[in-house]
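1. The following block contains a protein sequence and its predicted model.
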Amino acid sequence: MKKINTFWNWFQDNNQTIKNLINETPKNQKHISFWINKNLGYYCKEIDFMIVYPKTANGKCELILTANGNPEYFNHVIDLVDNAPQLKTWKFTAFIQPTERIYEIMNGLDDPYIFHEITLKASELTFLPVEYHELSHKLDIVVFL
């Protein structure tokens, strides 16, 4: 529990800087993302984050925490989100949620995600399957940005 509180205390102290991440230069975005990842890693190195910015100036930013599909760390993500502070300008979500807005994505109207120092939109990504591993049932892919 101490590590959870340590992360959220750090987040609260830096939430305005993180909220303004989208307006920073790429160099500053990388620097800020590094520190988010570093502080998250003190709690659990297997957890990643994404930030979704609101469409309106008074909307909430969303911090999505994910275990990247690894069930061994699902409880870590849930515990972290369950202990998140109440902040007026932030929403905290456990796991990347499936979307029902497929037509928005197809038309390029989807929201961007900030994943470490990279801004991604699902509508702008292309995937190429490379190799399927029979034993692990995993697929190697190339993602084109």
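-> Now that the structure is in, tell me what you want to look at. Residues are numbered from 1 along each chain as shown.
2. partner strands of the helix or strand I141 falls within, parallel or antiparallel?
-> Assigned by DSSP states H and E, I141 falls within strand 138-144. Paired neighbours of strand 138-144 in the sheet (DSSP bridges): strand 126-133 (antiparallel).
3. what does the strand it pairs with rub up against?
-> Here strand 126-133 makes contact (Cβ atoms under 8 Å, 6 or more residues apart in numbering) with K138, L139, D140, I141, V142, V143, F144. No exception for glycine: its C-beta is placed from N, CA and C like everyone else's.
4. try 6 Å
-> L139, D140, I141, V142, V143, F144 (Cβ atoms under 6 Å, 6 or more residues apart in numbering).
5. And the closest residue to L63 other than its chain neighbours, how far from Q12?
-> Nearest residue to L63 in three dimensions, chain neighbours excluded: F92, at 5.3 Å (Cβ to Cβ, 6 or more residues apart in numbering). Separation of F92 from Q12 (Cβ to Cβ, to the nearest Å): 12 Å.
6. Specify which residue of those two has the higher count of neighbours.
-> Taking neighbours as other Cβ atoms under 10 Å, F92 and Q12 compare with F92 leading, 20 against 13.
7. who's in contact with the more buried one?
-> By Cβ under 6 Å, 6+ apart, the contact list for F92 reads L63, V81, A84.
8. in the chain, which helix or strand is least confident?
-> Ranked by mean pLDDT, DSSP states H and E, the helix or strand of the chain with the weakest confidence is strand 113-115, at a mean of 73.
9. Which strands and helices lie in contact with whichever helix or strand comes after that strand?
-> As assigned by DSSP H and E, the chain's next helix or strand after strand 113-115 is strand 118-120. Packing contacts for strand 118-120, counted by 3 or more Cβ pairs under 6 Å, 6 or more residues apart in numbering; DSSP states H and E, involve no helix or strand.
10. Can you tell me the SS state at G108?
-> Secondary structure state of G108, per DSSP: H, G, I helix; E, B strand; the rest coil, is coil.
11. That one: neighbouring residues, count only.
-> So G108, with other Cβ under 10 Å, has 10 neighbours.
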